[in-house]
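Peer 1: Curious how this folds, go ahead:
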Amino acid sequence: MEDKKFCQSCGMPMEKEEDFGTERDGSRNEDYCCYCYKDGSFTGDMTMEDMIQFNLKFNEENGNPFGTQEEAEKMMKSWFPTLKRWKQS
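Peer 2: All right, here's what the predicted structure looks like:
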């Protein structure tokens, strides 16, 4: 059974073909979602903290699946540093 894939930038689950980002040649990128990565590059220039704040705003507007905003922020601050885009080499 294939592991569930999550965007390595924003953490979005990538379940359908259209959820995945694309490379310059139009091929599917396995690491990043269509909102974070398109045509071979990131769609926005932001820091990890910017991404967390963006996700918190999105969660607030669309129903927070993580409980409170404080719980969501704590979870993101512990998880995001493990994602490929934000991982420190």
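Peer 1: A72 versus the nearest residue to C36 once chain neighbours are set aside, what's the distance?
Peer 2: Nearest non-adjacent residue to C36, counting by C-beta to C-beta, 6 or more residues apart in numbering: S9, 4.0 Å away. To be clear about C-beta, it is placed using only N, CA and C from the backbone, and glycine gets the same treatment. Remark: distance between S9 and A72 (C-beta to C-beta, to the nearest Å) = 17 Å.
Peer 1: out of everything not next to it in sequence, what's closest to the most centrally placed residue in the chain?
Peer 2: Centroid-nearest residue in the chain, with C-alpha atoms, centre = their mean: C10, separated by 1.6 Å. Excluding the flanking residues, the one nearest C10 by C-beta to C-beta, 6+ apart is C36, at 5.3 Å.
Peer 1: measure that neighbour to E71 for me?
Peer 2: For C36, the distance to E71 (C-beta to C-beta) stands at 23 Å.
Peer 1: for the protein, what are the low-confidence residue spans?
Peer 2: Residue ranges of the chain with pLDDT under 70: 1-2, 89.
Peer 1: Tell me where the protein has strands.
Peer 2: Taking DSSP state E as the test, the strands found in the chain are 5-6, 13-14, 20-22, 28-33, 37-38, 41-42.
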